[in-house]
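Engineer: Sharing a model that was predicted from the sequence below.
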Amino acid sequence: QSVLTQPPSVSAAPGQKVSISCSGSSSNIGSNYVSWYQHLPGTAPKLLIFDNERRPSGIPDRFSGSKSDTSATLGIAGLQTGDEADYYCGTWDTSLRIYVFGSGTRVTVL
Amino acid sequence: QVQLVESGGGLVKPGGSLRLSCEASGFTFTDYYMSWIRHGPGRGLECVSYISSSGSNIYYADSVKGRFTVSRDNAKNSIYLQMNSLRAEDTALYYCARDKAPYWYGTGKIAEYGMDVWGQGTAVSVSS
């Protein structure tokens, strides 16, 4: 069981926007920075967002991140078929003393 | 270029052992915290171990504590994961990953910037 809770799946038509929530606690999201990863099973995960809201170079501004208290959100605007993947939030958990990932959200483009 | 290459995976019986290796290239290895992260069938990503740039600070997930041991050899630009008492639930693709920022950058919070370089993974299957 993940300590960070995400919806199992979200879907939308091409060009639309989806938001993925990540709910945690004061020992993880509430006191540390959140990152978001895109993962196609069998391939290396890709860092999309770090420091709650910053994008690494090469990541389009269609991807956005935000954080409030013990929750974080990833937004994907202008949805494309290439965005179909699993998305995970991640952060350090000060109580567990390990990096923790969310339960993962499958994005489907209708 | 910046690269991580894992090796050492394979098929092992329950109770058996394996040693995974991850060789890094293209960056100053001694500046970075490193981690082992796995993805099991039908499961999400799980960070099983995290090691500081010097190797002096080590962290484990509860699921592997007492069974797995992480280490690094900075002279060989490599980290290792010794896995003992393997169980069926340890079956997964094991990735090696690098922190995005060197240890001396940022506010000092662990994993502040996430992991930006990942290997392609090495598969571990535990089955009788």
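Structural biologist: Cool, got the structure.

Engineer: mind checking how far stretch A:82-93 is from the chain centre?
Structural biologist: Here stretch A:82-93 is found 4 Å from its chain centre; the criterion is CA atoms, centre = their mean, to the nearest Å.

Engineer: and it, C-alpha only, in CSV?
Structural biologist: Output of stretch A:82-93 as CSV, limited to C-alpha atoms (Å, rounded to 0.1, in the frame of the first residue of the first chain):
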residue,chain,number,x,y,z
GLY,A,82,1.8,10.1,-26.8
ASP,A,83,0.8,11.0,-23.2
GLU,A,84,-0.8,7.7,-22.6
ALA,A,85,1.3,6.3,-19.7
ASP,A,86,1.4,5.7,-16.0
TYR,A,87,2.1,8.8,-13.8
TYR,A,88,3.6,8.8,-10.3
CYS,A,89,4.1,11.4,-7.7
GLY,A,90,7.2,11.0,-5.5
THR,A,91,8.7,12.6,-2.4
TRP,A,92,10.8,11.9,0.7
ASP,A,93,9.0,10.6,3.7
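
Engineer: and chain A, which of its residues are near chain B?
Structural biologist: Contacts of chain A with chain B, taken as CB under 8 Å from any CB of the partner chain, map to A:2, A:32-33, A:35, A:37, A:39, A:41-47, A:49-51, A:56, A:86, A:88, A:90-92, A:96-104. C-beta coordinates here come from the backbone N, C-alpha and C atoms, glycine included.

Engineer: let's see 6 Å
Structural biologist: Contacts of chain A with chain B, taken as CB under 6 Å from any CB of the partner chain, map to A:32-33, A:35, A:44-45, A:47, A:50, A:88, A:92, A:97-99, A:101, A:103-104.

Engineer: Over in chain A, which residue gets nearest chain B? Let me know.
Structural biologist: Nearest residue of chain A to chain B, counting by CB to the nearest CB: A:Ser35, 3.0 Å away.

Engineer: Not including adjacent chain positions, what is the nearest residue to that residue?
Structural biologist: B:Gly114 (3.0 Å; CB to CB, 6 or more residues apart in numbering or on different chains).

Engineer: okay, now the residue of chain A closest to chain B: neighbour count?
Structural biologist: Using other CB atoms under 10 Å in any protein chain shown, A:Ser35 is surrounded by 30 other residues.

Engineer: Kindly report the same for the one 4 residues further on.
Structural biologist: One way to gauge burial is a neighbour count; for A:His39, by other CB under 10 Å, it gives 20.

Engineer: what sits against it?
Structural biologist: Going by CB atoms under 6 Å, 6 or more residues apart in numbering or on different chains, A:His39 touches A:45, A:86.
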